[in-house]
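*Asks:* Build the 3D model from these lines:
(chains A, B, C and D, ligands or ions: 4)
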Number of protein chains: 2
Amino acid sequence: MNTDYFTIGKLAKDTDTKVVTIRYYESIGLLPAPLRTGHNYRLYNCDHFKRLSFIRRCRSLGFPLSQIREIIALTDQPDEDCQKVDKIARGHLDIIESKIQDLTQLASELRQKITACQGGTIAQCCILKNLLKQNTTPIKSAS
Amino acid sequence: MNTDYFTIGKLAKDTDTKVVTIRYYESIGLLPAPLRTGHNYRLYNCDHFKRLSFIRRCRSLGFPLSQIREIIALTDQPDEDCQKVDKIARGHLDIIESKIQDLTQLASELRQKITACQGGTIAQCCILKNLLKQNTTPIKSAS
DNA sequence: ATGCAGTCTATAGTTACTATAGGGTCAAGC
DNA sequence: GCTTGACCCTATAGTAACTATAGACTGCAT
Ligand SMILES: [Zn+2]
Ligand SMILES: [Zn+2]
Ligand SMILES: [Zn+2]
Ligand SMILES: [Zn+2]
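*Replies:* Numbering: from 1, shown residues only, chains lettered A, B, ... in the order given. Ligands and ions are numbered 1, 2, ... in the order given. Sure, this is the predicted structure:
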């Protein structure tokens, strides 16, 4: 219903996106190029706003641009089975979950090292000692 | 005690690092340039091995190279207070922990969207609908 | 008329690597 | 002596998703 046009600055504000990022999305073909004014200013409409909002919402959920691109392409086939969309989402969730596991592991290792250190000189620092202690000699290869 | 020299391939194997990565570390000044053979092959010694092992261990804990560089620089001042080291480690832990929080939040949002979808066409897909539903019109600015 | 915010293009920088091209070297087997 | 394959060398470009900078133009308010 809204047929108004607006500049890149307004679009940026309304979608909480930097101006340069919007131009970047256009340059990689993720956001369609808008009309231009007589003085070459970009003029966006509501569809651009919707598209960019969608992109940003996906990005805020951590989807990479490549997958966002795929999802957008899928919306051009509205009668297809939505399993493809769901699969992308589930795959992404798997990645997030395994990242959480990795980071949790890291955090506990690091926390352990940190709490071990009660201060002193750098030469005595338990964190450094701990980081340095293993594998101090290369394996002599049999060959 | 070990005064042997070895090639980049052996160093790579023993530290589980790719050859190109070792050269990269040298190029950015993180790993000292080793001696060369008459035919320009890099010849590493035990110190290189220790240094690279340390770098890789820090990397595997998620420390960025910039911080690893700082930590290494600090080891040149063994009589300083180790608080600087500890601070870097604690700052890094904070970042990891906040990443875990963010990702946990993301995962739960995404899980919610995914479980909402019971299949159907793409036009009906609950995940997409959910991703599209908010903010479908730009805010009319007062100005 | 002047100033400042907004817009334009093009290019380079960021992080931590990875990949490729195009070449030289070394050791083993025939 | 020659080939084959694994290893080494440099230099350059590509990756993800932007961010920063330079140099120039526009639009609007005072
Ligand atoms: Zn300490
Ligand atoms: Zn300590
Ligand atoms: Zn679905
Ligand atoms: Zn659905």
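*Asks:* Identify each buried residue in stretch A:93-106, please.
*Replies:* A:93, A:96, A:97, A:99, A:100, A:103, A:106 (16 or more other C-beta atoms under 10 Å in any protein chain shown). Where C-beta positions appear, they are placed from N, C-alpha and C, glycine not excepted.
*Asks:* Name the nearest residue to residue A:11, ignoring sequence neighbours.
*Replies:* Nearest non-adjacent residue to residue A:11, counting by C-beta to C-beta, 6 or more residues apart in numbering or on different chains: residue A:44, 4.8 Å away.
*Asks:* and the residue of chain A nearest ligand 3?
*Replies:* residue A:82 (3.3 Å; C-beta to the ion).
*Asks:* what's the neighbour count on that residue?
*Replies:* 22 (other C-beta atoms under 10 Å in any protein chain shown).
*Asks:* can I assume it is in contact with residue B:128?
*Replies:* Yes. Here residue A:82 reaches residue B:128: they are 7.3 Å apart, a contact under C-beta atoms under 8 Å.
*Asks:* what residues are shared contacts of these two?
*Replies:* residue B:122 (C-beta atoms under 8 Å, 6 or more residues apart in numbering or on different chains).
*Asks:* does any bit of stretch A:47-57 sit next to DNA strand C?
*Replies:* No. Stretch A:47-57 lies out of reach of DNA strand C by C-beta under 7 Å from any atom of the strand, never closer than 12.1 Å.
*Asks:* anything in that stretch near chain B?
*Replies:* Yes. Against chain B, stretch A:47-57 shows contacts by C-beta under 8 Å from any C-beta of the partner chain at A:49, A:50, A:53, A:54, A:57.
*Asks:* Mean confidence (pLDDT) on that stretch, please.
*Replies:* Averaging pLDDT along stretch A:47-57 gives 95.
*Asks:* Now do the buried residues in it.
*Replies:* So, applying 16+ other C-beta under 10 Å, buried residues of stretch A:47-57: A:48, A:49, A:50, A:51, A:52, A:53, A:54, A:55, A:56, A:57.
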